[in-house]
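A.B. asks: Provided below for reference: sequence and predicted model.
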Amino acid sequence: METTEISNRSDFALWAIQRAQEIVTIEGAAFAMAARDMNEEALATSAAELGQAIADAMLEVFDGLLAD
């Protein structure tokens, strides 16, 4: 995992945008395919994975704040 130093609000905004793009690229494709195919089981699984990726990103930021 790459470490990023966030020293101001602008740095944080840039990090958040980049992280969101990564999450959507990785997890969003499976979610979209499941929705397109109307596969409820795959949709539920991919939605859970997307939610977990978002939660992990939030914890990543929180853990970084605690290090100070």
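C.D. replies: Nice, thanks for sending it over.
A.B. asks: Assess the claim that E5 and D11 are in contact.
C.D. replies: Yes: the criterion here is Cβ atoms under 8 Å, and E5 meets it with D11 at 7.4 Å. All C-beta atoms are positioned from the backbone trio N, CA, C, and that covers glycine.
A.B. asks: Of these two, which one has the most company?
C.D. replies: Between E5 and D11, counted using other Cβ atoms under 10 Å, the more crowded position is D11 (12 against 7).
A.B. asks: give me every residue that touches that one.
C.D. replies: T4, E5 (Cβ atoms under 8 Å, 6 or more residues apart in numbering).
A.B. asks: can you tell me the helix or strand for it?
C.D. replies: helix 9-23 (DSSP states H and E).
A.B. asks: what's the spacing between the residue nearest to I23 when sequence neighbours are not counted and G64?
C.D. replies: Leaving out its chain neighbours, the residue that sits closest to I23 by Cβ to Cβ, 6 or more residues apart in numbering is A53, at 4.6 Å. Distance, A53 to G64, by Cβ to Cβ, to the nearest Å: 17 Å.
A.B. asks: what comes up buried for the longest helix along the chain?
C.D. replies: Looking across the chain with DSSP state H, the single longest helix is helix 40-66. Within helix 40-66, the residues scored as buried using 16 or more other Cβ atoms under 10 Å are L43, S46, L50, A53, A57.
A.B. asks: Enumerate every residue touching the residue lying closest to E27 once chain neighbours are set aside.
C.D. replies: Among residues not flanking E27 along the chain, L50 sits closest, at 4.2 Å (Cβ to Cβ, 6+ apart). Residues near L50 by Cβ under 8 Å, 6+ apart: I23, E27, G28, F31.
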